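Student: Show me how the following folds:
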Amino acid sequence: MSDANQTTNLEQFPDSAIEVVHGKVQRLNRVAMHCFPELRSGMELPGFLSTPLEDPDGAGTFTHQGILYLFSRVAGAEGSLLLVRPAPKSGLTDRQLDGFVRQMRGFLQEVLLEFQSTAGQEHDNAFNRSFFRMYRLLSNLDFMRGMDSPSGTPFHPITLDLAGLCRRLTEEAAFLLQQAGVQLRFQCETASLLIPGDPALIQKLLLTLISNSAKPARSGEVTLTLERRGGQALLWLGDRGEGGCLDALSPPKEAGARIPAPGDGAGMGLAIARHIVELHQGTLLLGERDGGGMLALVSLPTGPLRMDLAVHTPAPEAAGGISPVLMELADVLPLSLFHLEE
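Tutor: Numbering: from 1, shown residues only. Below is the predicted model:
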């Protein structure tokens, strides 16, 4: 087969096609030249292609200049053919972006209508609640943008007392949720349970799950249970009220639904919760309780722990001083709790 015919064959691939023979780049198609301008025919194999060539499965992913690529390898008599394409982004979907735009417009309309039709303390409370809801939505969007960025989500695990964090958060959230008719309880037989975790991310995970479980549990009870089983810390969260717990975290049941229906969230909660759990090498499962309602189960590894102490420069507060508990529970709490003192 002539070189011209071989080049034509490579051009038939829609993805980047790179032929490697005896540790050198033999040929590549135009798509590969565009995606990897540093490659030249006859050059020594660059380091970023070593993973695709050495992977025993012949397929997988690799990162080059902050971009994640999918590859498949076909071995030949003298060399290998690599087919490479950029990995699809999974952080922010079109449905979630559409939900974000719809919710932002709705919240802004609420603010405008409240200012035009009311006055006094109730008017101020309505504005404050809408502000907290908009701020949470923007924070979630910013979080998911970080998931898509080359550097990824900032992840700084330390030796964390998960029981203490759960106890503190539930105490603060229970006081607020009580005003909405929801009883939040925390159950844990041990005084402390140490895990390697990022405190800010674990707090966001817990508040996301608590908030979404409290929405359908109006005048009901939500219970957060923590226990240790072997090398795993298990968090169980469910409700005893009417309606399905964590519905706002679940994907839409309608086939092909792209834009969330009125009253639904933007669909970011589950993606954020799953991402945080995956960063901690854990699992998140959603299911039905025996007595009805839904149940969330989070499993997080309890080791290995870092017992060394180090001095860290304090990071700036991401919420700008806004209470993360009040922000995450803004959809559930009554207006009376949003009277902010000067």
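
Student: Scan this structure for its longest helix.
Tutor: Longest helix in the chain, counting residues (DSSP state H): helix 121-148.

Student: Go through that one and flag the buried ones.
Tutor: By 16 or more other CB atoms under 10 Å, the buried positions in helix 121-148 come out as 124-137, 139-141, 143-144, 147. All C-beta atoms are positioned from the backbone trio N, CA, C, and that covers glycine.

Student: Can you tell me the number of residues neighbouring the spatially closest residue to residue 22 that is not a sequence neighbour?
Tutor: With sequence-adjacent residues excluded and distances taken as CB to CB, 6 or more residues apart in numbering, residue 22 is closest to residue 79, at 6.7 Å. By the criterion of other CB atoms under 10 Å, residue 79 has 17 neighbours.

Student: Could I get the full set of helices for the stretch 101-250 of the chain?
Tutor: Taking DSSP state H, counting those that start in this stretch to define them, one finds helices in the stretch 101-250 of the chain at 121-148, 162-178, 199-214.

Student: Dump those into CSV; add distance to residue 338 and mean pLDDT as well.
Tutor: Formatted as CSV, these follow (distance: least, CB to CB, whole Å; pLDDT from 0 to 100):
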stretch, distance to residue 338, mean pLDDT
helix 121-148, 4, 79
helix 162-178, 10, 93
helix 199-214, 15, 90
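
Student: Please produce TSV containing these, extended by distance to residue 101.
Tutor: Output for these, formatted as TSV (distance: least, CB to CB, whole Å):
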stretch	distance to residue 101
helix 121-148	10
helix 162-178	29
helix 199-214	21
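
Student: Which one, of those, ends up nearest to residue 191?
Tutor: helix 162-178 (6.7 Å; CB to CB).

Student: Now do the buried residues in that closest one.
Tutor: Neighbour counts over helix 162-178 (16+ other CB under 10 Å) mark 162-163, 165-167, 169-170, 172-174, 176-177 as buried.

Student: ok, the residues you listed vs residue 278, which is closest?
Tutor: Using CB to CB, residue 162 comes nearest to residue 278 of these, at 17.0 Å.

Student: From residue 172, how far off is that closest one?
Tutor: Counting by CB to CB, to the nearest Å, the gap between residue 162 and residue 172 amounts to 16 Å.

Student: What ranges in the protein fall below the confidence cut-off?
Tutor: Residues of the chain meeting the criterion pLDDT under 70: 1-8, 89-94, 108-109, 112-123, 216-219, 239-267, 287-294, 306-322, 339-342.
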